[in-house]
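[1] Build me a structure from this.
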Amino acid sequence: MELLECKHLGKEFDKKQVLKDINLTIPRGKIIGLLGKNGMGKTTLIKLINDLLTPTSGEVLINGNKPGVASKKVISYLPERTYLDKSMTIEQAFHYFEEFYDNFNKEKAIKLLKVLNLELDKKIAQMSKGMQEKLQLILVMSREAELYILDEPLGGVDPATRDYILDTILSNFKEGASVIISTHLIADIERILDEVIFIDKGEIKLQASADELRSKEKASIDEIFRRSFKC
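    Residues are numbered from 1 along each chain as shown. Predicted coordinates:
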């Protein structure tokens, strides 16, 4: 059984087709880049997988089942915008995740937090935007999930924070799980990718092994994408 399947998936908003006949399969044990310019359908696809939107056509299957309560235990999702209650302390945020997700590993979260030299009693409102981004990533990556979906995790952060985010992703997802990283910052992320999916104007244009694609085209993933879509 495949971890994730999208079959003839489509989505319209106000009679405008945003996603068109999306067919893709996500295997286990891979880091996959969902790559495309802004506004090309990446976030809409992610929201459909996370049961935050309803398809206009087709279906999403997670471990063979439609999205719902069961799939929320399978997927650990990092949205593009933070949803943390800034009046909370870090410890309260950890407790919230521990109560809400039975696969949240608090010991792992505390270990990751120590790298940032933050105390559990620190209020989120007192943290910089970059630190808040890192905290939310820690919360998401400390779940023992089967699929981690990260929507634009590198957007709006400095290069040093990007390196921290990529290293945290590489070092902390559950063995045998997969990671989908949606981004338009392809050059920053391609070093960690096993597979790539190119999305443009709501359509999947390519799904391939990152190494095989680089070897075939004799270019970086970023160069191949720019060449393909003239961006």
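[2] so how many other residues sit close to Ser220?
    16 (other CB atoms under 10 Å). (C-beta placed from N, C-alpha, C; glycine too.)
[3] quick one: contacts for it?
    Contacts for Ser220 (CB atoms under 8 Å, 6 or more residues apart in numbering) come out as 187, 190, 214.
[4] Tell me how far it lies from Lys201.
    Remark: distance between Ser220 and Lys201 (CB to CB, to the nearest Å) = 23 Å.
[5] what's the answer for Leu4, then?
    If you go by CB to CB, the gap between Leu4 and Lys201 works out to 22 Å.
[6] Show me which of these two is the more surrounded one.
    Taking other CB under 10 Å, Leu4 and Lys201 do not tie; Leu4 has more neighbours (24 against 15).
[7] List phi and psi for the residue nearest to that one when sequence neighbours are not counted.
    Take Leu4 and drop its neighbours on the chain: the residue closest to it by CB to CB, 6 or more residues apart in numbering is Ile26, 3.8 Å away. Backbone torsions of Ile26, given as degrees, to the nearest 10, read phi -110, psi 120.
[8] Double-check Ile26 against Gly33; I have them as touching.
    No: applying CB atoms under 8 Å, one finds Ile26 not in contact with Gly33, separated by 11.8 Å.
[9] Identify the bridge partners of the residue nearest the centre of the chain.
    Centroid-nearest residue in the chain, with CA atoms, centre = their mean: Leu150, separated by 1.7 Å. On the basis of DSSP bridges, Leu150 is bridged to Leu78, Ile181.
[10] Now do the same contact list for it.
    So Leu150 contacts 78, 137, 140, 169, 179-182 (CB under 8 Å, 6+ apart).
[11] Can you tell me which of these is closest to Gly41?
    Ser182 (10.0 Å; CB to CB).
[12] The contacts of Ser220 in strands, which ones?
    Among those, no member falls in strands (DSSP state E).
[13] okay, Lys129: pLDDT?
    Predicted confidence (pLDDT) at Lys129: the value is 83.
[14] Now do the phi/psi pair for it.
    The phi/psi pair for Lys129 (degrees, to the nearest 10) reads phi -60, psi -40.
[15] Which residue lies closest in space to it, excluding its sequence neighbours?
    Once flanking residues are discounted, Lys129 sits nearest to Gly156: 7.5 Å by CB to CB, 6+ apart.
[16] which stretch of helix or strand covers the one you found?
    Assigned by DSSP states H and E, Gly156 falls within no helix or strand.
[17] begin at 49 from here
    Got it, the first residue is 49 from now on, which makes the last one we talked about Gly204.
[18] Kindly provide the distance from it to His232.
    Gly204 sits 12 Å away from His232, going by CB to CB.
[19] So those two - more neighbours on which side?
    For Gly204 versus His232, the count of surrounding residues by other CB under 10 Å is larger for His232: 18 against 10.
[20] quick one, what contacts that one?
    Neighbours of His232 in contact, by CB under 8 Å, 6+ apart: 83-86, 200.
[21] Of the residues you listed - the most surrounded one?
    Result: Leu83 is most packed of these (other CB under 10 Å), 28 neighbours.
[22] That one contacts Glu243, correct?
    No: assessed by CB under 8 Å, Leu83 is found out of contact with Glu243, at 10.4 Å.
[23] Now do the buried residues in the worst-scoring helix or strand of the chain on mean pLDDT.
    Least confident helix or strand, the chain: helix 207-220 with a mean of 87, by mean pLDDT, DSSP states H and E. Using 16 or more other CB atoms under 10 Å as the burial criterion, the residues of helix 207-220 that qualify are 209-210, 212-214, 216-217, 220.
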